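> test case, fold it:
(2 chains)
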2 protein chains.
Amino acid sequence: MNLFKKYIPILSWLPSYKKAALSGDLSAGLTVGVMLIPQGIAYAMIAGLPPIYGLYTAMTPQVIYAIFGTSRQLSVGPTAMDSLIVAAGITSIATVGSAGAENYIAAAIMLAFLMGLMQLAFGIFKLGFLVNFLSKPVISGFTSAAAIIIGLNQLKHIFGIEIPRSNQAHSLLYDTGIAINSTNLITLCLGIVTILTIIFLKKYLKKIPAALTVVILSILIVHFFHLDLYGVKIIGAIPTGLPSPAIPDFSQNYFKDLLPLALTLSLIAFMEAISQAKAIEDKHNDYKVDANQELIALGLGNIVGSIFKSYPSTGGFSRTAVNDQSGAKTGMSFIIAAALVALTLLFLTPLFYYLPKAVLGGIIIVAVMGLINIKYPVKLWKYNKDDLIMLLGTFAVTLTIGIKEGIIVGVTLSLGFLIFRSTRPHIAECARIEGTDYFKNVERFDNTKGRKDLLILRFDGQLYFANTNYFKEQLNDMIAKKGPALKLIILNAEAINHLDSSAVYMLDTTIKELCKKEIYFAVAGAIGPVRDIIFNSGLSDTIGKELMFAEVNKALECLDEDKAIDFERICKRIALQNNSNL
Amino acid sequence: MNLFKKYIPILSWLPSYKKAALSGDLSAGLTVGVMLIPQGIAYAMIAGLPPIYGLYTAMTPQVIYAIFGTSRQLSVGPTAMDSLIVAAGITSIATVGSAGAENYIAAAIMLAFLMGLMQLAFGIFKLGFLVNFLSKPVISGFTSAAAIIIGLNQLKHIFGIEIPRSNQAHSLLYDTGIAINSTNLITLCLGIVTILTIIFLKKYLKKIPAALTVVILSILIVHFFHLDLYGVKIIGAIPTGLPSPAIPDFSQNYFKDLLPLALTLSLIAFMEAISQAKAIEDKHNDYKVDANQELIALGLGNIVGSIFKSYPSTGGFSRTAVNDQSGAKTGMSFIIAAALVALTLLFLTPLFYYLPKAVLGGIIIVAVMGLINIKYPVKLWKYNKDDLIMLLGTFAVTLTIGIKEGIIVGVTLSLGFLIFRSTRPHIAECARIEGTDYFKNVERFDNTKGRKDLLILRFDGQLYFANTNYFKEQLNDMIAKKGPALKLIILNAEAINHLDSSAVYMLDTTIKELCKKEIYFAVAGAIGPVRDIIFNSGLSDTIGKELMFAEVNKALECLDEDKAIDFERICKRIALQNNSNL
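Have a look, this model is predicted:
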């Protein structure tokens, strides 16, 4: 039973579903459902698909997620970022063929199927941790850039002009600049009024569903004043009825080309979903989000969704927040929202005939403006330049070259900094702060007492192949500075979290060389796993157990005359050891 | 003047050259020179080149190294490993063309020129640190595998059979097995006797130059008994005279194909040289090896060498050891050794006409046997399984797939382990060891005193984007285990060497959530650079300065009644903070 509950989380709440939860779920489900209708239509426009596909995507995946997902507030469906990636990726692949539009739709659905399959596999093989490699600066830079590209792609709808879709900011700006002479002024007014209205409603009348309001008002205005006859582009007829199930079409030759795109999308979509699911989980105490089960749920949502003509879906930022704030307690809210979308598909699609594209563009622009984060890079400028470089690098590449490339550059920079930092850890000479038992960096604390016969050295990081040379060089410099009076080196190993075999070898040879110069080497404060390595590798025989201490002040006592250690004996013992191959 | 000495290190010893150094340099130079002659011929055979090219390579590069090199014992010239890489790489590139042999030689010389250029560039741009990424296990696995491949490639000479050159162990064994029926028994005897004689001489008569002895004896035997008429293959005529200088031939179309090979070789050759130079430097106190200057010296050696018909050269293991043991004090020993090779080229090459290839094969096999290190993996099995996997992975791939591939797999595994390890650092609940001020892992020390109102947590590694989730999960588990009595969490940050912005954000949100549950979060023992990040990021405002301590036992006092901290005030302050975007 427990296993069933683990893999089919709906079993953990549906059998014991209480009426108390229903009022919250109903209110949240209806609110999100109402949001989903304009969002579905708008995001389909970002993806370059007919509006109906956005509604299809707003329905099936979240029902599947209600069954298999572990979060009880995450609202799964079409999202702006995924739609952008779909558009950016498929444009170059599927429109090259003969039957352009047909191919394009088939490719988008196939993409959902493939990414679902990958997410399912990642979940089964427990690869959810991979998403941890997307650091916050990379996600932030990527999201801001994607938001700008999505926004720029809407300019054509706001101005009522024709420019080719693109995922590069500079070409979008250039194309818009060229075509701006043919702006349709009525369209532009509609767009600007939409943007201002939504901003106003969101700020002062939060209870009113802003997007739906402007959608309804604009439909009425266009219909009443016949604005479509004055060049205002409308979305036109949307078919009525639920999608009939069909296995995605594998016969196309672009099948292979979609694989790298599906991989990118499966990870980015998962990253979007899991980061929100985790954030919302922290606010609730009644369930736990499981990253791998989330992958399975999102994957199944995309697979089953693709059979019902959905394009790629995942958890959406704004919808999830609204769902939570509206009181959603269980996955029942997803089912209610999906039912509302289904009702719309069955009966209400003709109402959207006169919906102007400029209004959709305005809705999208306001939605993505909130994703552009400027505060964060400004903060990073103050305290973490490495992270700022990661952020700006990801941002610049995503904005001007491409989505995949941005993510790749971001992850490469993150890991590059990680590795680079570990090759030159912070290294400090420590001394006792007078009157205390604290040993701190001599360069940070003035009132420390330096001794010429003693070098206390703290190395702040793992000691491993890529920094053993650095350690050796720094140590030699410090020894040279101390001069010939130096008798004892104490390595404060508290901050060393690992020793690899290259480091063990380096320490072994170093200690033996120092011993020839009558300088002794003690290790203080090594943590458990490092002590294990020191003993199991035999390095403890070279250091000598009498020179391994739990704390620096204990190590220091061996220089006091009354507790003196017989250094000569240690030296003889080390000399007796052959140069064993550590 | 100092700058001159830095870039032309010969200026730091030649002007003040003392007679006292000469006896050592002379003895060492002559000994190494005598070694270089059979080595040069044998290594040329490994590289698939006529013997004379090995002698050319044994001359020019080490003269250049004497001028520009910082090590005073490193013996530069042809090496077994480089020769193998030359053979493995060029076979597939240059013999495809029309004039096979001519092309092959030209390609080997061009390769020296290109790798020299790259080394020079790496040195000028101070990229010597790149070699730090070759960890000891990777070098060991690679060296052992290369030694086995070199050895297996000599079997054809020992058995007197014809098999194609290869750099894959399994195909060498297979081909040898097929051709073994046509073994020439006299050749086999010569080969086996050579191997046994060298082993005997090296063990019991160390003063005698083993390789030269078997070379001279075998030449006499073959000449006297006319063994060449009985199927024993001899190296035949070697041209007399010094190489005439010529600019390498850039007209060939394989020029581009050599670039990746040159890159691999430039780094591996540097790695061979620098590791020995550093090891020998440690024994002497009168000079310092500079990695970037070494790159410049080796690079110039290869460039100038290629003009004088050398193939790729670097520092050799055995020669360097012999040079040092024979008393080399300065680069003068290189110049003496080179002079001996020059004399040989001018007058003595006809003497090697009857030298049997089986004897060269035997010399090579004994030389490379010493490079196969079995002790090291056995030791790693005991104390470092990660490093063992790196070693075996590199070994297996180098042995069966290829040289470049082996290095790539090794470096990838090394960095992979580094990254993987950092995603799940050791994390421990600590408690005071009774009667002391030590706080150690509760699971390692029995006599510790657990308290339900207190959680002391030590995180052993940097806290960054790829492990913030792990930290959070572990923390939540520990909090759940403690139960509702928990009041204070103390993060022992001694072993945390870095906080990135993702970690700062995670800590900020975590502390705020905990505060809502009336659990307080103190940080103790943070090192300087981490304190800087905590303060500059504003995280200190969330933690509260009254909850940041220099040591764990100070933090503990705030739970004592008389020194109690006003937790309610802290909580209010945190609640007042808006959810700033850290």
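> can you name the residue of the stretch 251-400 of chain A nearest chain B?
A:Tyr383 (3.6 Å; Cβ to the nearest Cβ). (Each C-beta comes from the backbone N, C-alpha and C, glycine too.)
> which parts of the stretch 1-150 of chain A are helices?
With DSSP state H, counting those that start in this stretch as the criterion, the stretch 1-150 of chain A has helices at A:2-7, A:19-47, A:51-57, A:60-68, A:80-94, A:100-124, A:136-159.
> check what contacts the third one and list those residues.
Okay, so that is helix A:51-57. Outside helix A:51-57, the residues that touch it by Cβ atoms under 8 Å, 6 or more residues apart in numbering or on different chains are A:36-37, A:39-45, A:47, A:77-78, A:105, A:108, A:112, A:235, A:238-239, A:243, A:305, A:308-313, A:341, A:344-345, A:349, A:352.
> in contact with A:Pro245, which residues?
A:Pro245 touches A:307-308, counting by Cβ under 8 Å, 6+ apart.
> just say helix, strand or coil for it.
coil (DSSP: H, G, I helix; E, B strand; the rest coil).
> all helices of the stretch 401-550 of chain A, in order?
Under DSSP H, counting those that start in this stretch, the stretch 401-550 of chain A gives helices at A:403-423, A:468-482, A:501-516, A:528-536, A:539-543.
> got those as JSON lines, with mean neighbour count columns?
Supplementary listing: these in JSON lines, determined by neighbours: other Cβ atoms under 10 Å in any protein chain shown:
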{"stretch": "helix A:403-423", "mean neighbour count": "19"}
{"stretch": "helix A:468-482", "mean neighbour count": "16"}
{"stretch": "helix A:501-516", "mean neighbour count": "21"}
{"stretch": "helix A:528-536", "mean neighbour count": "18"}
{"stretch": "helix A:539-543", "mean neighbour count": "20"}
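> now these in JSON lines, with mean pLDDT and distance to A:Val289?
Shown next, in JSON lines, are these (pLDDT from 0 to 100; distance: least, Cβ to Cβ, whole Å):
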{"stretch": "helix A:403-423", "mean pLDDT": "88", "distance to A:Val289": "23"}
{"stretch": "helix A:468-482", "mean pLDDT": "89", "distance to A:Val289": "41"}
{"stretch": "helix A:501-516", "mean pLDDT": "88", "distance to A:Val289": "38"}
{"stretch": "helix A:528-536", "mean pLDDT": "90", "distance to A:Val289": "30"}
{"stretch": "helix A:539-543", "mean pLDDT": "89", "distance to A:Val289": "43"}
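> among those, which comes closest to B:Ala431?
With Cβ to Cβ as the criterion, B:Ala431 lies closest to helix A:528-536 of these, at 13.3 Å.
> list of residues touching the closest one?
Under Cβ under 8 Å, 6+ apart, the answer for helix A:528-536 is A:493, A:496-499, A:504, A:523, A:526, A:539-540, A:543, A:548, B:382-384, B:426, B:428, B:440-441, B:444, B:460.
> for stretch A:427-446, what is the average pLDDT?
Mean pLDDT, stretch A:427-446: 70.
> if you could redo that for stretch A:326-336, that was the one I meant.
On average, the pLDDT along stretch A:326-336 is 91.
> quick check: end-to-end length of it?
13 Å (Cα to Cα, to the nearest Å).
> list the buried ones in it?
Residues of stretch A:326-336 classed as buried: A:326-336 (neighbour count, 16 or more other Cβ atoms under 10 Å in any protein chain shown).
> for the residues you listed, which one is nearest A:Gly128?
For the buried residues of stretch A:326-336, the nearest to A:Gly128 is A:Gly331 (19.9 Å; Cβ to Cβ).
> ramachandran angles for that closest one?
Dihedral pair for A:Gly331: phi -70, psi -10, per degrees, to the nearest 10.
> which residues touch it?
Residues counted as contacts of A:Gly331 (Cβ under 8 Å, 6+ apart) are A:9-10, A:13-14, A:65-67, A:69, A:72.
> repeat that for 7 Å
A:Gly331 is in contact with A:10, A:13, A:66, A:69, A:72, counting by Cβ atoms under 7 Å, 6 or more residues apart in numbering or on different chains.
> returning to that earlier point: write the PyMOL selection for whichever of the contacts of helix A:51-57 are buried.
Buried subset of these, written as a PyMOL selection, criterion 16+ other Cβ under 10 Å:
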select buried, chain A and resi 36+37+39+40+41+42+43+44+45+47+77+78+105+108+112+235+238+243+305+308+309+310+311+312+313+341+344+345+349+352
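> quick check: residues of the stretch 101-250 of chain A near chain B?
Proximity of the stretch 101-250 of chain A to chain B (Cβ under 7 Å from any Cβ of the partner chain) is limited to residues A:132-133, A:135-137.
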